[in-house]
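Engineer: Next comes the sequence, and after it the predicted model I'd like to discuss.
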Amino acid sequence: MTGNKAVAYKEPGKVELIDIDYPTFELKDGPGVNPANVGRAVNHGVILKTVATNICGSDQHMVRGRTTAPADLVLGHEITGEVVEVGRDVEFIKVGDLCSVPFNIACGRCRNCKERKTGICLNVNPDRPGSAYGYVDMGGWVGGQANYVLVPYADWNLLKFPDKDRAMEKILDLAMLSDIFPTGFHGAVSAGVGVGSTVYVAGAGPVGLAAATSAHLLGAAVVIVGDLNEDRLARARSFGCETVDLTKGGPAEQIEQILGVPEVDCGVDAVGFEARGHGHDAKEAPATVLNSLMDITAAGGALGIPGLYVTGDPGGIDEAAKTGSLSLSLGTGWAKSLSFTTGQCPVMKYNRQLMMAILNDKVNIAKNVNAKAITLEEAPKGYAEFDAGAATKYVLNPNGYLS
Ligand SMILES: NC(=O)c1ccc[n+]([C@@H]2O[C@H](COP(=O)([O-])OP(=O)(O)OC[C@H]3O[C@@H](n4cnc5c(N)ncnc54)[C@H](O)[C@@H]3O)[C@@H](O)[C@H]2O)c1
Ligand SMILES: [Zn+2]
Ligand SMILES: [Zn+2]
């Protein structure tokens, strides 16, 4: 039997490398597995040898103890891999195929999947619509920050790269297709970005930088990125964004200095519920980004909200925040007829097109987010540095494919 090492959540602030079973075509019991999913047959799945598996801000919510994730939950929803075994019912994906895995697990059979809303598939997570690998309350599908991982409904979920050699030349870019590039793109599209738009992206983490990259790709006239982290803002400037330093206060005044007016056409929240307030030494204030986006987005505009909001947060700043209730000035949004798009990004809606843009040199997403390959053993260090605000997207390299 082949060994399988994986990155597991241990306790707040701590991840560790552990040994787990090599996958079989069955979802077995384990930390965080929904009892209704135990023993589920996955003959429609494949086993992937991971090529790249990235650390995400979404993982950090769990690792910071801001969710109900149990100890030993195997992390990892951003997976790129090579197929090493195919289940009995897989028809088209073959051993040897190099594939990107959308972080949403979707069945391809339910009403939502048929409408391309693969972020809220009805059949993969007994807890609620929507699922992902290695994530709390997502049904218990084992994470892919490991040597090997099981991918269900493989014919439907996997995006096969057309040419392996050509793909390996751009593998760090293609590794961003499992989540942050489609997610940032979805944020921009749902904020209404098009040719000539002015855009404000809150957050210069990997998702914010991916949203800013996407806004450029979609033809935006001006892309402004705001954060409290100067290193991350410098990354945004490196590919032509204007930036707003939120340690100096809210974004409106600085946006006015850039655009001549204190508002933008399109607003993207790439921060989520762990948002900090604006100004020097600002503390956590979870509604900050949503409220400020409502302030600065022009009437009739739209807010793309890939930033994650939760229904339960043990570390919430007050009783309301602990159950995901935030103090929103929704009246502002209503008065301005703003529209909102929240939720998991339906990756499959965008990943093939973005793959084509990468393969044909239309975009440099890995460079823009400063993607960096590290070994599986270095994962705890990568998590710690990312948590401290490094302007880096860490890509784990469990099987030595990324030289
Ligand atoms: N919807 C989806 O499908 C999806 C997919 C991936 C990630 N996410 C979520 O997107 C968010 C961003 O992910 P990431 O990996 O870039 O995380 P990250 O934690 O690396 O980045 C968040 C950034 O926001 C900054 N920030 C904090 N308060 C702010 C404020 N008031 N205004 C502007 N910036 C502020 C932080 O300094 C940090 O740089 C997370 O909430 C993550 O869970 C959602
Ligand atoms: Zn992610
Ligand atoms: Zn479905």
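Structural biologist: Sure, I can see it. Ligands and ions are numbered 1, 2, ... in the order given.
Engineer: Surely Gly267 is in contact with Thr198?
Structural biologist: No. Applying Cβ atoms under 8 Å as the test, Gly267 and Thr198 come out as separate, 10.1 Å apart. For every residue, glycine as well, the C-beta is placed using N, CA and C.
Engineer: Please say which of the two ends up with more neighbours.
Structural biologist: Ranked by neighbour count (other Cβ atoms under 10 Å), Gly267 and Thr198 place Gly267 first, with 30 against 23.
Engineer: give me the beta-bridge partners of the more buried one?
Structural biologist: Applying DSSP bridges to Gly267 gives these bridge partners: Tyr200, Leu303.
Engineer: For the stretch 1-150 of the chain, which residue gets nearest to ligand 2?
Structural biologist: Closest to ligand 2 within the stretch 1-150 of the chain is Cys56: 2.9 Å, counting by Cβ to the ion.
Engineer: What separation is there between that residue and Pro380?
Structural biologist: Per Cβ to Cβ, to the nearest Å, Cys56 is found 16 Å from Pro380.
Engineer: ditto for Val51
Structural biologist: Val51 is 21 Å from Pro380, where distance means Cβ to Cβ.
Engineer: more neighbours, those two?
Structural biologist: Taking neighbours as other Cβ under 10 Å, Val51 and Pro380 compare with Val51 leading, 24 against 15.
Engineer: Hmm, the more buried one is touching Glu82, no?
Structural biologist: Yes. Val51 is within contact range of Glu82, at 5.9 Å (criterion: Cβ under 8 Å).
Engineer: So is stretch 195-206 next to ligand 2?
Structural biologist: No. Using Cβ under 5 Å from the ion, stretch 195-206 never reaches ligand 2; the gap is at least 8.2 Å.
Engineer: Can I get that stretch in CSV, CA atoms only?
Structural biologist: What follows is stretch 195-206, C-alpha atoms only, in CSV (Å, rounded to 0.1, in the frame of the first residue of the first chain):
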residue,chain,number,x,y,z
VAL,A,195,-14.8,47.5,-20.4
GLY,A,196,-14.2,51.0,-18.9
SER,A,197,-15.4,50.1,-15.3
THR,A,198,-13.9,51.6,-12.2
VAL,A,199,-13.4,49.0,-9.6
TYR,A,200,-12.6,48.8,-5.9
VAL,A,201,-11.4,45.5,-4.5
ALA,A,202,-11.3,45.2,-0.8
GLY,A,203,-8.5,42.9,0.3
ALA,A,204,-5.1,42.3,-1.4
GLY,A,205,-4.8,38.6,-0.3
PRO,A,206,-4.6,36.1,-3.1
